[in-house]
Structures are given as structure tokens and as C-alpha cells.
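S.K.: I'd like to go over a predicted model; first the sequence, then the structure.
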Amino acid sequence: MATMPGDAGALSGRFLTAEWRDLVMLNYEVDPAALRPLVPTGTELDAWGGTTYASIVGFLFLDTRVLGVPIPFHRHFEEVNLRFYVRRRGPEGWRRGVVFVREIVPRWAIATVARVIYNERYVAMPMRHRIAPLDGGGRQVEYGWKHRGRWSTLRATTRGEPQPLVPGSEAEFITEHYWGYAAQRGGGTVEYRVEHPSWRVWDAEAHGLDADVATLYGPAFAEALTAPPRSAFVADGSPVVVRRGVRV
């Protein structure tokens, strides 16, 4: 697990444990002006190589437990989210984190808990997925969600074996943000830590997003998310721990 020193936010107890697997990540250059209104208080936009990114990420939640307890019918499910990247200076230095624009899950109870506990932007929609291994170690991964009566899809195809992250690379920047930040009603920000080992990744040789991004994420994202992504890859994933949030 990634560990780091810090204040009470780094030391708070476990809220959720799970496995995140088969993470499809499509990464887009976004005008910082579209993101600044969504930046939580106390954080600032983060960039890699002078580019401000937003990523659409689809993955499987497996063996999910809240406060150590498995919730019947809510242990295994899909999630697709749109996120961007921020940072906040902690006692140990910069904390690189993510902010979610919208998170889609198939169960209303999951969405409700996340909204109440963290004020995260969760919504519940019918979802499905398909993961097909390919000869030589690659795979086809697809996540779908039903929005306004039609199925949207996020997909990627890989070949070969996943590779360790290269230090300083774009893929390392996208995957290795170990903090989450959520603006709160009435002001303020909640910070929570996410712990997991460094993932291995495949570059996607084919990928696609078929969705009405303007109605799903807002007109400010329409131009960026209908253009080709700057990069696309699939991460293998791992067990994760999400710590309880604290106000900062």
C-alpha cells in the first residue's frame, strides 16, 4: 500500500476496502477555465507537462466492505467516473489528489452513501461490463451505463502483458494520485486518503467513448471529451483502502 506521513487526515481509520480491477482510463486535455469553478477550497489544479487533464475511468469494484462489513448485493459492481487532478500542500509536501465531476454506479444505496458521507457527485444508473481475455495476455474491456434511455460505452483493447509505471511518465501522473478532495455544502473541503500499490498498465491499441457528454457532464466538457483523448490505457488494479475523510 502507498503510505505517507501527515496530519490527522493521513491517520484516520478505514472507511472502505475493496479491489479495483481492469481500470480503463481515457485522458483528455481540458481548458483550466472549465475546471476552476470545481476546484475545492484549499487545493489547486495540478498539471503534467503543462497540460491540465480530465480522465474518464471505468472499473470494477470487487469484494467491497464498508467499515469492514460486506453489504449484501453491493459487494461487486461497476463504476465509471469523470475526474480531474489537484494538489494540496500537506506537512510532508504536495499531496496529489483527484476531484470527481460525476461518478456513476448501478446501485442507488452506494450513490446515496457516497453523497451523504463525502458529498461526492454520485448518481445511480443501470450498468454492465464485458471483459474478454485475448491471446498473448491482452484483453478487451468495456463498461456500459444507461443514460436517458440509451446505452453509453467506454472501451479499450490491449495486447501483451501490463508493464510497471515509468517514473515521471504521464501514466504515473494519472494513476498515482493518492488523495481525494470533495467540496462541501456551505463551504470547506473534505480530504481522504486512498491507498494501493503501484499499478501496472497496458497502452490501449484501440479505445472509444460513446456517450452524450454534454448532458452527462455539462456543456463545459463537451468540446474536450468529444475530441480524441491524449492517451488511453488500462491498469490492472489491486486491493484498495479508502480512509475516512476529514475537513481541511
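M.R.: Now that the structure is in, tell me what you want to look at. Numbers count the residues shown, from 1 in each chain.

S.K.: tell me the SS of residue 207?
M.R.: strand (DSSP: H, G, I helix; E, B strand; the rest coil).

S.K.: ok, now which residue in the protein is the farthest from the centroid?
M.R.: Distance to the chain centre peaks in the chain at residue 135, reaching 28.2 Å (criterion: C-alpha atoms, centre = their mean).

S.K.: okay, now residue 127: neighbour count?
M.R.: 20 (other C-beta atoms under 10 Å). Using the backbone N, CA and C atoms, a C-beta is placed for each residue, glycine as well.

S.K.: Who is it paired with across the strands?
M.R.: Under DSSP bridges, the beta-bridge partners of residue 127 are residue 145.

S.K.: After the worst-scoring helix or strand of the chain on mean pLDDT, which helix or strand is next?
M.R.: One helix or strand of the chain scores below all others by mean pLDDT, DSSP states H and E: helix 8-11, with a mean of 42. Using DSSP states H and E, the helix or strand that follows helix 8-11 in sequence is strand 14-29.

S.K.: Determine how far that next one lies from the middle of the whole chain.
M.R.: On the basis of C-alpha atoms, centre = their mean, to the nearest Å, strand 14-29 sits 5 Å off its chain's mean C-alpha point.

S.K.: For residue 187, which non-adjacent residue is closest in space?
M.R.: residue 41 (6.7 Å; C-beta to C-beta, 6 or more residues apart in numbering).

S.K.: just to revisit the earlier point, and the residue farthest from the centre of the chain, how far is that from residue 160?
M.R.: Note on residue 135: its distance to residue 160, by C-beta to C-beta, to the nearest Å, is 10 Å.

S.K.: and if you look at residue 195?
M.R.: Relative to residue 160, and taking C-beta to C-beta, residue 195 is found at 28 Å.

S.K.: got the contact list for residue 225?
M.R.: The neighbours of residue 225, taking C-beta atoms under 8 Å, 6 or more residues apart in numbering as the test, are 28, 54, 56, 82, 209, 213, 217.

S.K.: Quick one: residues contacting the second one.
M.R.: Residues touching residue 54, when contacts are defined by C-beta under 8 Å, 6+ apart, comprise 27-28, 30, 35, 82-84, 101, 221, 224-225.

S.K.: Among those, which ones are in strands?
M.R.: Among these, DSSP state E puts 27-28, 82-84, 101 in strands.

S.K.: what's the farthest-apart pair in the residues you listed?
M.R.: Within those, two members stand farthest from each other by C-beta to C-beta: 27 and 101, at 14.0 Å.

S.K.: Which strand or helix spans residue 78?
M.R.: strand 77-90.

S.K.: what angle do that strand and strand 14-29 make?
M.R.: 90 degrees (axes from the mean of the first three to the mean of the last three C-alpha atoms, to 10 degrees).

S.K.: So which bits of strand 77-90 are buried?
M.R.: Judged by neighbour count (16 or more other C-beta atoms under 10 Å), strand 77-90 contains these buried residues: 77-88, 90.

S.K.: And these, which is closest to residue 22?
M.R.: Distance to residue 22 across those (C-beta to C-beta) is lowest for residue 78, with 9.9 Å.

S.K.: Can you give me the distance of the closest residue to that closest one other than its chain neighbours to residue 25?
M.R.: Setting aside the residues directly before and after it, residue 78 is nearest to residue 127 in space (C-beta to C-beta, 6+ apart), at 4.4 Å. Distance, residue 127 to residue 25, by C-beta to C-beta: 17 Å.
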